[in-house]
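# Provided below are the primary sequence and the corresponding predicted coordinates.
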Amino acid sequence: MLLNVQKLINAPGERMDFQFQLDLSDVDFGGLYPARNPVVVTGGVRNAAGMLLLEFTAETVLQSVCDRCLKSFKNPKSVRREYLLAEKLENGENDDIVLLEDGTVDLGDLARTAFILEMDTKTLCSEDCKGICPGCGVNLNQGSCTCKKAADPRWAALAQLLKKDTDQEETQ
Ligand SMILES: [Zn+2]
Ligand SMILES: [Zn+2]
């Protein structure tokens, strides 16, 4: 999605709005492809006192998988960005300044990069997801563990060690 903003360059107070869809369904996040729905990008460019300001929101509902309980769930995601558009760079590099090429900005590329950079490295169905019991495999958000009562041999060994420690302290 290319937007030509040439006619805004010398027109203070003017703005152009846009909306388009991005397809990120081929983007791999840790072996999953959560962006099955289109990402809708809505925004505008305006000339504010001679400066070209671009702002947009990219949003979708991801189909995510919880890292803790492995449940598949709908995960709304919205990313908002603002940039300055310039015909040339005045003083060096700046991440918030986007250079125009022949008065044109590649909105698709900007939105795609911004959205991908904002993807969470950790995905949880809820902040307090209890996860899955490693012993019996039950989803602890849905049911209670059936193996809790059976003593885990590793814990028994640890309990022994701790007991020894306290015994030694007592004899010192
Ligand atoms: Zn979960
Ligand atoms: Zn269990």
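Cool, the structure landed. Numbers count the residues shown, from 1 in each chain. Ligands and ions are numbered 1, 2, ... in the order given.
# Only the buried residues of stretch 106-124, if you could.
Using 16 or more other C-beta atoms under 10 Å as the test for burial, stretch 106-124 gives 107-108, 110-112, 114-115, 119, 123-124. From N, CA and C alone the C-beta is placed, and that goes for glycine too.
# just stretch 70-78 next, same as before
For stretch 70-78, by 16+ other C-beta under 10 Å, it's 71, 75, 77.
# nearest to ligand 2, of those?
Using C-beta to the ion, Lys71 comes nearest to ligand 2 of the buried residues of stretch 70-78, at 16.9 Å.
# mind checking how far that closest one is from Gln142?
Distance of Lys71 to Gln142, computed by C-beta to C-beta, to the nearest Å: 9 Å.
# And for Pro38?
From Pro38 to Gln142 the distance is 32 Å (C-beta to C-beta).
# More neighbours: the two, which one.
A count of neighbours by other C-beta atoms under 10 Å puts Pro38 above the other of Pro38 and Gln142, at 13 against 9.
# show me what contacts that one?
If a contact means C-beta atoms under 8 Å, 6 or more residues apart in numbering, then Pro38 has 21-23, 60 as its contacts.
# Then Gly131?
Shown in contact with Gly131 (C-beta under 8 Å, 6+ apart): 68-69, 139-141.
# let's go with 10 Å and repeat that
Going by C-beta atoms under 10 Å, 6 or more residues apart in numbering, Gly131 touches 66-70, 124-125, 139-141.
# re the thing from before, now flag whichever of the buried residues of stretch 106-124 is closest to Asn10.
Within these, the smallest distance to Asn10 is 21.1 Å, found for Leu107 (C-beta to C-beta).
# wait, isn't that closest one in contact with Phe56?
Yes - using C-beta atoms under 10 Å, Leu107 is in contact with Phe56, at 7.2 Å.
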